[in-house]
Each structure stands twice: as C-alpha cells, then as structure tokens.
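J.: Take this sequence and fold it.
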Amino acid sequence: MGVIMSTNRTLTLSIALASLGAAPLAAAQVLEEVVVTAQKREQSLQDVGISVSAFSGDQLKALGATSTVDIAQQVPGLHLFTFSPAFTVFSLRGISQNNFQDNLEAPVAVYLDGAYIASMNAINTQLFDMERVEVLRGPQGTLFGRNATGGLIHFLTHRAEEQEFNGYAEAGAAEFGTYSFEGAVGGGITDTVRGRLAGRYEKSDGYVEAGSAFGRQATGGDSNGADGYALRGTVQIDATDNVVVDLTARYSKDDHVPTGQYIVSLAGFDINTGLGAFHDAYNLDANGEPVGPTNYDPTPITGSGHKHWSDENPYFDREMTSLNAQVTAKVGEAELVSITNWFTMDKFYIEDSGGGFGYFPYNTINDYDQWSQELRLSGEQAAWTWQVGAYYLDMVWDTFQSVAGALILGGTSDTQKMSTYGKVDSRNWSVFGQAEYAFSDNWTVIAGGRWSQDDKDLKMSRVYEDVPQGIPAAEIFNIRNVDIPGVDTIDYGDYAARLQLNFRPMDGTLLYASYNRGIKGGNWSLDPLGGVADENLKHGEEVLNAYEIGLKTDIFSGRARLNAAAYYYDYQDYQAFSIVGLTPQVTNSDARSHGGEIELITSPIAGLDLMFGAAFIDSEVDAVPDVFGGTVEAEFPNAPSVSLNLLARYEWSAFGGFLSAQVDGNWNDDMFLEGTNSEVSFEPSYSVWNAHVGFKTGSEHVRVDAYVKNFTDEEYRLYNLDLGLIGFIEQVYAPPRQVGVTLTYSW
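T.: Take a look at the predicted model:
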C-alpha cells in the first residue's frame, strides 16, 4: 500500500471542517515517495512487485496503535484472532494457524528489526518509538525464508541514527482504568557513536466485567486488561568509514495481566439437568456445504460480550529478553549484512475454561529460546541486481499444559488433573539467492530460490493424578512408546522459489506477474487430553503454489496512487486446525484460494489525506476434521469474502498551531472464526470506526490528542472455541467504545 509519509500525517477519509473556521490551501499535494525494505534493500514502494502495505511511525501514532496487533484494522486482508495477549494469530489473505498450543509457528512470519520471531506467544507486545511497519502479502520464502507462506509483518523500530539530541515524552489516559507513559531520548555520544533509549508502560483494568446469569452474580475480577512495561536501548557505531554496527537490547515484563475470562454461550446446555445434548454444529445445504447459522443462538448467557460469568481470577505473566546485532559493511562494490539475534521468553498463563459452569482451569507454561544468524551479500552491476545469503536458526520450546476438574476429565472429582509435558528442539538452516535482470528500460525479470533444511525432535509425556482421591501422579503416555517410525522426529528439506516479470509501460506505473512456491515445515499437536490418535500427533509440511498479478501506478500527476493485486493459491497439504472432540489438532488437506486487494490514496488538497482499501477472499479446504470425528469441506477461518477499510485525516493552521481531525474504520463481511465452519463460529458482518482530534503548537513541541475507539460501540468476536460437546461455546469479544487522551512533548 502506498502511504503518505509526511511528518505527522496519516492516511485518512474526508471530513468537512469548514465550520471550524480554518480554510485549507486549494493546491493539491504530490504524494511523497514511500521507502520500504520488502526485498531486503531500500526501494520505493512503487518499484516493488509485491503486494505491500506500510505505515510510518507518525501514521501509527495517528492511528492510536499502541500494540503490534493494532495494525490489523487498516491493512486490507489482515485480520486478528486472539483470546489473550499471551497468544496472537495474524490472518493474512485468510492464511493463519489458529491452534493455541505453544510449540507451533504461524504461516504469517513476524520479524522485528530483521530478526524472525517464531513464537506466537511473543508477537503481541507494546508498540512505541517506531520507524515503520511493513506488511507483505503472499509467500516470501525466497528472501525471508522460514514459514512465510502467507506473508510476513516486519516491525522496524527507531534506530540510533540522529547525531542531534532528540526525544519525546508522552502520557495517556483512557476508560477502563487505562494509563500509559512512554518516551525516548537519543543523539550523538561521540562523533562516531549514537545512542537511543525508549520505553513504555501501560496499565489497564480491562473491559470485561463480572456479570450475572441464571440468578447468580459472578465474583471474578475484570479481564482483558494490561499491566506491563517494555524497554529498548540501541547503539549505532561507525566502526570504520565502510562498517556500521547496530546493537539493540530489549526487555519487557508483563505482570499478572488480567485475562483468561471467556464469554460463554449455550449449545444444548440445560441449567436444571446439567450438560445436555450436542448442538447442531453444521447447517449444510443439499450438497453438504455450510450455509450459515439457523439453529444456534450466539447470545452470551450474561447478555453482553463484555460480561463474564466466572468466579475465578486468571492471569498471565511474561518476560522477554532480546539482543540483536546488525553489521553492515561495504565490500568493494557490494554490501555485506550480518544479523545475529538471541531471544528468550518465559510465559505463565491460566484461564477459566469452565466459564462459570464448572471447574475447568487450563494452564500453560512456556520457556522458549532461539538464536539466529543471517549473512547476505548484495550488489548491483549494470543491468543486474543480486543478493545471496545463508541463514541458521536454533529454537527450543519447553512446554507444559494442564487441565483439571470433572467437567473436562469426566467422573465426579474436581481434584483430578492431566498434565502434558513437551519439548521441541528445532534446527533450521538455509541458503538463498535472488537476481534481477533489466533486459530493457521497460522489462525486468526476477528469479530466486532458497533451500531449507528443517530438523526437529520431540519429547512428550502425559501424567494423570488425583491425589486427594488416592490416585498418585503417574505417567500414562510417552511418545517414546508409540510404535510409529519417526513419530517424534522431523527431517524435512525443500525449496522455495520465485519467478517474476516486471513491465513499466510508462513512468510511475508498474505491472508485474509472479509465481512463488512457499513451504512450511511440519510440527506436532501436543494433545493435552489424549484425544488425538497416535498417527495424527504429527502433521506434515505444506506447500503453496501462488500466482499473482499486480498494478502499481501514480495518477493525477502524482496526487493519487492506485495499487491492486489479484492472486490464486494452490495448496498441497494445507495445515488445518480444528477441535476434534475436545482436543486441538492440526491435519493436512489440499486447499485453494483466490482473491485480491485494491488500495487507493490521495491528497486532493493541502492538508487532506484520503485512503480506501478493499480485500477479497474465496477459499476452499477439502477436508477438515470436525468436532464429531468426521470431516467437512470448509473455507479458511478469519477470511471474509469482502473487507473494506477507510481512513481520512485533515490538518490545518489554527490558534497559532495546527489542528487535525481523523476518522478511520473498516467493514468485514460474514466469516467463520474456526476452520470447521461450524455454525457456532459464524460471525456476522460488522464495522468498527474510530475518531481522533488533535492540536500541536506551531513549534510542534507540544501536542494534545483525544480519541474515541469503536465509537459506534460495535460488539463482535475476536475468538471462538467450539466446546459444544460439553454444552457451551467460549468466546472473546473485541473492546467496546473507549475514550482517551494523550499529551506529548517532543524536542
């Protein structure tokens, strides 16, 4: 997506502001160039034959983006699926991995300052002092490698590049007991060394409160809040005239964050007699196709998506540390880049899966460590542009899951407990290269490839106990005892590839056609209950053949920008997630999808920025296991057939400074929140709108902003889990309307 990168501007939808007594200049603006690193080198966005959306740090501020997940609202085709900050799933063009087990990786890769972050427990973090965010759609395995079949999201932070002393401080307050403080300071330390220190703290009580149902008032505390801080320090060193070293250290801590409360809806539950009949999970037409809900009432038992019925106070703790070193050196006419990263995370999470109906706590503990090393060499000679490289990644997931209580384990004892221990040791190496050849002024061909070797080992056991009832802890399962060759190992080598043709019929216009082969390695469903058959514990790799055509063009003498793309995806062994019985499981099935995106931005008069975006998805998965043990043909989860986003900003001179007003929002068509497309996961169409007004002084040192998020108070779900076999459905709703204000001083 082309975006306007001017200072303190964001893309926006038009607003009539004449009544505020400030007339804008009539002259239209030429859109500024947007520079991205979507091909691991700096390029104009309009020169990159990939469907890309990008936001500058100022635009993220104007959008009120304070978390990595906040970007989903203004990126066509990007959706969020989450039940807690402890676990986050991005869905891009309908491609996602919705299994909530800690050892899995997503097909939409997340990068932070050039380093891959594998754990989905680690990607929902505070967003502050940002340079920009880039969202790349489609397979990116040639240059970025691992698990990027669906695309990738790259968060790039503000580096220590400025020699002059600078920084900012900001304080914010909002409803639901929300308070935040953030800031940054940086500048030259010596003539060749620059530094920057940034941080953010946020506290929020949460927007989900205890409610009542069936004559009982819940006593659990508020949920879906925040309590944590993040720090980042970076140093940039001019080691020589040709060598620059960037060093970054990050630390964050979330402490007793209120979360893990579900909103519950009934499915065949009889409050008088106990858990009852199965719900009618699949409303099918004569051809066996899902046609949407008719027999299921999704209304929460408390009557609100923001009222829970739990007496518990679940929470999560998380601590993350990262060290990153990037060295950039000129080697003759070429450039050598080395990126070394070490990352560790400890997470404790507990939820009330019983939702007030019974004692059913679900607990996970995840100790995760990774380190990676990338080396790449790139250059340009005459008509050639090229880069080659090598990559190594070592990861260890040490995981624990437990469930307890009679509700899920059967019998009559709430003191029984099932614990699952797992350790995944993963090593990946790859070599890659890509070359571009301009065989005329108008035509360029691009070819690239990567060979990846993925080796994994699994240790897994399950322990059952009910000590108060006289049953001591005893191992009832160990994967070593499964008589299936190779069930606990993965040895997978395969290639990703790219072939593309670019055509420039005129200045400011790019047409491209591409083929990409994307790959994603296999993994395991670390079954917490013993409901997955031994032969289904391990799922295989997936391969995606993706075909795409696109247009990027500047129109109206550079005052508007239109980018569009259309694609067709053909999956072999797509990794589909579903709840089988009551157990999470990933299986393989062939699948297909087609769709596209359209993005239009313009600045028709000085001070007014406008953006429109649309995404289209039509998908089909051949066979997804359902809750009853059969299979259904289904569409991708979190993949509305149509989604639209609009955003508008107007800024003008007033009162010796500058006033601004902004409206942004999106609309999503009907979708299913689970891969089985059960009627209980059907989410009707909805729209979300936000408003923002601000004032900054003429010197631009001081600014005050007020905002309203979700000002229509739309109620919609971010998550659904089908537990109809025991009578109810667990859901998480997005935040309601929230009013807030921020005050910023910068220098």
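
J.: Give me the below-cutoff pLDDT ranges for the stretch 251-400 of the chain.
T.: In the predicted model of the stretch 251-400 of the chain, residues 267-297 satisfy pLDDT under 70.

J.: The stretch 1-150 of the chain too?
T.: Along the stretch 1-150 of the chain, segments meeting pLDDT under 70 span 1-28.

J.: can you give me the strands in it?
T.: 35-36, 43-44, 52-56, 78-84, 87-92, 108-112, 115-117, 130-137 (DSSP state E, counting those that start in this stretch).

J.: Turn the ones you listed into TSV, columns for mean neighbour count.
T.: All C-beta spots, glycine's among them, are computed from the backbone N, C-alpha and C. Below are the strands of the stretch 1-150 of the chain laid out as TSV (neighbours: other CB atoms under 10 Å):
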stretch	mean neighbour count
strand 35-36	19
strand 43-44	14
strand 52-56	25
strand 78-84	22
strand 87-92	26
strand 108-112	23
strand 115-117	25
strand 130-137	23
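
J.: Which among these is found nearest to Glu351?
T.: Evaluated with CB to CB, the strands of the stretch 1-150 of the chain place strand 78-84 nearest to Glu351, the distance being 7.2 Å.

J.: so who does the nearest residue to Asp670 once chain neighbours are set aside touch?
T.: Among residues not flanking Asp670 along the chain, Ser685 sits closest, at 5.2 Å (CB to CB, 6 or more residues apart in numbering). By CB atoms under 8 Å, 6 or more residues apart in numbering, the contact list for Ser685 reads 640, 667-670.

J.: Over to Gln469?
T.: By CB under 8 Å, 6+ apart, Gln469 lies in contact with 413, 415-416.

J.: any idea how far the residue nearest to Ser310 when sequence neighbours are not counted is from Ala210?
T.: Spatial nearest neighbour of Ser310, excluding adjacent residues (CB to CB, 6+ apart): Gly220 at 4.1 Å. According to CB to CB, to the nearest Å, Gly220 and Ala210 sit 5 Å apart.

J.: what do these two both touch?
T.: Common contacts of Gly220 and Ala210, defined by CB under 8 Å, 6+ apart, comprise 308, 310.

J.: Find the residue ranges of the stretch 401-550 of the chain scoring beneath the pLDDT cut-off.
T.: Ranges of the stretch 401-550 of the chain meeting pLDDT under 70: none found.

J.: Break down it into its strands, ranges please.
T.: 417-438, 443-466, 471-478, 489-503, 509-520, 523-524, 538-539, 542-555.

J.: Which stretch among the ones you listed is buried most, on average?
T.: With neighbours defined as mean count of other CB atoms under 10 Å, the strands of the stretch 401-550 of the chain peak in mean count at strand 523-524, which reaches a mean of 24.

J.: Could you report the neighbour count for the nearest residue to Asn98 once chain neighbours are set aside?
T.: Closest residue in space to Asn98, ignoring its immediate chain neighbours: Phe577 at 4.7 Å, by CB to CB, 6+ apart. Using other CB atoms under 10 Å, Phe577 is surrounded by 24 other residues.

J.: what about Phe577, is that helix, strand or coil?
T.: strand (DSSP: H, G, I helix; E, B strand; the rest coil).

J.: Now do the helices in the stretch 251-400 of the chain.
T.: With DSSP state H, counting those that start in this stretch, there are no helices along the stretch 251-400 of the chain.

J.: show me where it has strands.
T.: Remark: strands assigned in the stretch 251-400 of the chain by DSSP E, counting those that start in this stretch are 263-266, 307-308, 315-331, 334-352, 361-381, 384-404.

J.: Direction included, what does the last one pair up with?
T.: Same thing as strand 384-404. Here strand 384-404 is paired, per DSSP bridges, with strand 361-381 (antiparallel), strand 417-438 (antiparallel).

J.: Output those strands in JSON lines; the columns should cover distance to Phe90.
T.: Formatted as JSON lines, these follow (distance: least, CB to CB, whole Å):
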{"stretch": "strand 361-381", "distance to Phe90": "18"}
{"stretch": "strand 417-438", "distance to Phe90": "21"}
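
J.: Nearest to Thr149, out of the ones you listed?
T.: For Thr149, the closest of these is strand 417-438, at 14.6 Å, according to CB to CB.

J.: CA atoms only: put that closest one into PDB for me.
T.: C-alpha atoms of strand 417-438 as PDB (Å, rounded to 0.1, in the frame of the first residue of the first chain):
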ATOM      1  CA  LYS A 417      -5.500 -33.200  36.800                       C
ATOM      2  CA  MET A 418      -3.900 -34.100  33.500                       C
ATOM      3  CA  SER A 419      -0.500 -32.600  32.700                       C
ATOM      4  CA  THR A 420       1.300 -32.700  29.300                       C
ATOM      5  CA  TYR A 421       5.000 -32.100  29.000                       C
ATOM      6  CA  GLY A 422       6.600 -31.300  25.700                       C
ATOM      7  CA  LYS A 423      10.000 -30.200  24.400                       C
ATOM      8  CA  VAL A 424      10.600 -29.400  20.800                       C
ATOM      9  CA  ASP A 425      14.200 -28.900  19.700                       C
ATOM     10  CA  SER A 426      14.300 -27.300  16.300                       C
ATOM     11  CA  ARG A 427      17.300 -26.500  14.000                       C
ATOM     12  CA  ASN A 428      16.900 -24.900  10.600                       C
ATOM     13  CA  TRP A 429      19.500 -23.800   8.000                       C
ATOM     14  CA  SER A 430      19.100 -22.400   4.500                       C
ATOM     15  CA  VAL A 431      20.900 -20.900   1.600                       C
ATOM     16  CA  PHE A 432      19.300 -18.400  -0.800                       C
ATOM     17  CA  GLY A 433      19.700 -16.100  -3.700                       C
ATOM     18  CA  GLN A 434      17.800 -13.800  -5.900                       C
ATOM     19  CA  ALA A 435      18.800 -11.900  -9.100                       C
ATOM     20  CA  GLU A 436      17.100  -9.200 -11.100                       C
ATOM     21  CA  TYR A 437      18.000  -8.500 -14.800                       C
ATOM     22  CA  ALA A 438      16.700  -5.500 -16.600                       C
END
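
J.: For Tyr650, find the nearest of the strands paired with strand 384-404.
T.: The minimum distance between Tyr650 and those falls on strand 417-438, with 39.9 Å, by CB to CB.

J.: how far off strand 489-503 does the closest one point, in degrees?
T.: 30 degrees (axes from the mean of the first three to the mean of the last three CA atoms, to 10 degrees).

J.: Distance from the chain centre to strand 417-438, please.
T.: Its chain's average C-alpha position is 18 Å from that of strand 417-438, according to CA atoms, centre = their mean, to the nearest Å.

J.: follow-up on the earlier one: can you tell me which of the contacts of Ser685 are buried?
T.: For the contacts of Ser685, a burial check counting by 16 or more other CB atoms under 10 Å picks out 640, 667-669.

J.: hey, C-alpha coordinates of stretch 336-347 in PDB?
T.: C-alpha atoms of stretch 336-347 as PDB (Å, rounded to 0.1, in the frame of the first residue of the first chain):
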ATOM      1  CA  LEU A 336      27.600  -7.400   3.400                       C
ATOM      2  CA  VAL A 337      25.000  -7.600   6.100                       C
ATOM      3  CA  SER A 338      25.200  -9.800   9.200                       C
ATOM      4  CA  ILE A 339      22.200 -10.100  11.700                       C
ATOM      5  CA  THR A 340      22.700 -12.000  14.900                       C
ATOM      6  CA  ASN A 341      19.800 -12.400  17.300                       C
ATOM      7  CA  TRP A 342      19.200 -14.100  20.600                       C
ATOM      8  CA  PHE A 343      15.700 -14.200  22.100                       C
ATOM      9  CA  THR A 344      14.300 -15.800  25.200                       C
ATOM     10  CA  MET A 345      10.700 -15.800  26.700                       C
ATOM     11  CA  ASP A 346       9.100 -17.200  29.800                       C
ATOM     12  CA  LYS A 347       5.300 -17.300  29.900                       C
END
